[in-house]
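A.B. asks: Could you look at this predicted model? Sequence included:
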Amino acid sequence: MDDNAEFYKDLPKVELHAHLNGSVSVQTMEKLIRRKPHLNIEHSMTAIGKGQRRTLDECFEVFKVIHKLVDTEEDILMVATDVIKEFAADNVKYLELRSTPREENHTAGLTKKSYIETVIEAIQQCKNEGVDIDVRFLVAIDRRNGAEVAMETVKLAEEFMLSSGGLVVGIDLSGDPTVGDGRCLLPALQRARNSGLKLSLHMSEVPSQLEESELLLNLPPDRIGHGTFLHPEMGGSQSLVDRAVKGRIPLEICLTSNVKGQTVPSYSQHHLRYWYQLGHPCVICTDDKGVFCTDLSQEYQLAASTFGLRPDAVWTLSERAVDCIFAGDEVKQQLRQKWTELKPGLLQGAQLQA
Ligand SMILES: CC(C)=CCNc1ncnc2c1ncn2[C@@H]1O[C@H](COP(=O)(O)O)[C@@H](O)[C@H]1O
Ligand SMILES: [Zn+2]
């Protein structure tokens, strides 16, 4: 057990699975609640505290509450800049944010297009202010909304991929995994792939989605979100595992999210163990740092303490995450350079203490 929290904080990190509205911190949430007192929302309704667990349904109710608080361009701009700065303060050097563009009929002007533009504006503002983090954006498809909306979202993402100077890099498929059918979304996802957008797909987050997972894996995606029930010990299948392994398709691992959302019974029973032992690329992520009251340093620390990873193994885990980013080779090289420069100082100190 390594309780050296400073090591995990100082560790340079890559965050590849962060939903914008699930990542809102207590401080930002308080600002939002103050802006909209008439909604009568308390902070306890937007986060799941230490030791608390919720059913998946209850977790998805939380997002509905947050969406009420974040429904104007002004809100989105504040939330996105705050979230980016918080990740930067946690020593995240490269971040892929994902969010579902929403149009709000009751608030003047919020369209799916202006939603994406506002997130891009936040990314650019942080860059102009010199915040030490490289941020990219994945446009999210909520599976609940069906094939037509998915296609519309992909077309929007295509436009922004071309006009955002490389900030929009891909598509995320997310939303309540118990709702909707992934099969009808295949044409939209296929189109995204053909046009050069990268795909990160939530997959087998709940049991009994073998057929859907097989179809999604055949696209194939560039990364898998969760993949909790892919492997045979969890009711998945060897052929699904073989497919992911053969394609070396990285898994985005969100420990606290899975434990608090009760799709995994405990940290020690998390599927990270299975995939890590296979030597498969796994990237530690937060999912929804605001809702699940965590940060990326804490998730690395949990992975290390649960699976007995020594500092050099933790370092390797964060370094290998660079291989899995959606930005191009030039960005990868810059990040690798950063890791190389930081390694001696950080690892020597940690090994002395370990
Ligand atoms: C409930 C639970 C255990 C959550 C973690 N697992 C998740 N699985 C699927 N979709 C998700 C998850 N967490 C966040 N999302 C998606 O992200 C949205 C919130 O961020 P945003 O509005 O897209 O910016 C949610 O409405 C949902 O569509
Ligand atoms: Zn997620």
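C.D. replies: Great, that's in hand. Ligands and ions are numbered 1, 2, ... in the order given.

A.B. asks: hey, where'd the helices end up in the stretch 251-354 of the chain?
C.D. replies: 255-260, 272-277, 296-307, 311-321, 329-353 (DSSP state H, counting those that start in this stretch).

A.B. asks: Using a markdown table, lay out these together with mean pLDDT, distance to Gly227 and mean neighbour count.
C.D. replies: C-beta: built from backbone N, CA, C; applies to glycine. Shown next, in a markdown table, are the helices of the stretch 251-354 of the chain (pLDDT from 0 to 100; distance: least, CB to CB, whole Å; neighbours: other CB atoms under 10 Å):
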| stretch | mean pLDDT | distance to Gly227 | mean neighbour count |
| --- | --- | --- | --- |
| helix 255-260 | 97 | 11 | 23 |
| helix 272-277 | 98 | 8 | 18 |
| helix 296-307 | 98 | 16 | 20 |
| helix 311-321 | 97 | 16 | 18 |
| helix 329-353 | 90 | 23 | 13 |
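
A.B. asks: Can you tell me the closest non-neighbouring residue to the closest residue to ligand 1 within the stretch 251-354 of the chain?
C.D. replies: For the stretch 251-354 of the chain and ligand 1, the shortest gap (CB to the nearest ligand atom) falls at Gly261, measuring 2.5 Å. Computed as CB to CB, 6 or more residues apart in numbering, the closest residue to Gly261 that is not its neighbour in sequence is Cys59, at 5.1 Å.

A.B. asks: closest one to Ser164 among the helices of the stretch 251-354 of the chain?
C.D. replies: Closest to Ser164 of the helices of the stretch 251-354 of the chain is helix 329-353 (CB to CB; 14.6 Å).

A.B. asks: Which elements pack onto that closest one?
C.D. replies: When contacts are defined as 3 or more CB pairs under 8 Å, 6 or more residues apart in numbering; DSSP states H and E, helix 329-353 packs onto helix 5-10, strand 92-99, strand 134-142, helix 311-321.

A.B. asks: Just put the ones you listed in a markdown table and tack on distance to Ala80.
C.D. replies: Below are the helices and strands packed on helix 329-353 laid out as a markdown table (distance: least, CB to CB, whole Å):
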| stretch | distance to Ala80 |
| --- | --- |
| helix 5-10 | 23 |
| strand 92-99 | 7 |
| strand 134-142 | 9 |
| helix 311-321 | 22 |
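
A.B. asks: and the stretch 1-150 of the chain, which of its residues are near ligand 1?
C.D. replies: 19-22, 56, 59-60, 63, 99-100, 140, 142 (CB under 6 Å from any ligand atom).

A.B. asks: can these go into a markdown table with extra columns for pLDDT and neighbour count?
C.D. replies: Shown next, in a markdown table, are these (pLDDT from 0 to 100; neighbours: other CB atoms under 10 Å):
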| residue | pLDDT | neighbour count |
| --- | --- | --- |
| His19 | 98 | 26 |
| Leu20 | 99 | 25 |
| Asn21 | 98 | 24 |
| Gly22 | 98 | 24 |
| Leu56 | 86 | 15 |
| Cys59 | 87 | 21 |
| Phe60 | 91 | 17 |
| Phe63 | 96 | 19 |
| Ser99 | 99 | 26 |
| Thr100 | 98 | 22 |
| Ala140 | 99 | 24 |
| Asp142 | 98 | 20 |
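
A.B. asks: Dump the helices of the stretch 251-354 of the chain to a markdown table, plus distance to Ala89.
C.D. replies: As requested, these are exported to a markdown table (distance: least, CB to CB, whole Å):
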| stretch | distance to Ala89 |
| --- | --- |
| helix 255-260 | 19 |
| helix 272-277 | 25 |
| helix 296-307 | 10 |
| helix 311-321 | 17 |
| helix 329-353 | 16 |
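
A.B. asks: quick one: which of the ones you listed is nearest Thr81?
C.D. replies: Using CB to CB, the nearest of the helices of the stretch 251-354 of the chain to Thr81 is helix 296-307, at 18.1 Å.

A.B. asks: Is there proximity between the closest one and ligand 1?
C.D. replies: No - contact of helix 296-307 with ligand 1 (CB under 6 Å from any ligand atom) is absent, the minimum separation being 13.4 Å.

A.B. asks: related to what we said a few turns ago, run through the residues that contact the residue nearest to Gly261.
C.D. replies: The contact partners of Cys59, by CB atoms under 8 Å, 6 or more residues apart in numbering, come to 48, 260-261, 291.

A.B. asks: Surely it forms part of a helix?
C.D. replies: Yes - under DSSP: H, G, I helix; E, B strand; the rest coil, Cys59 falls within a helix.

A.B. asks: what's the spacing between it and Leu216?
C.D. replies: To Leu216, Cys59 is 22 Å away according to CB to CB, to the nearest Å.

A.B. asks: Ok, Trp315 next?
C.D. replies: 32 Å.

A.B. asks: same thing with His280?
C.D. replies: Taken as CB to CB, the span from His280 to Leu216 is 17 Å.
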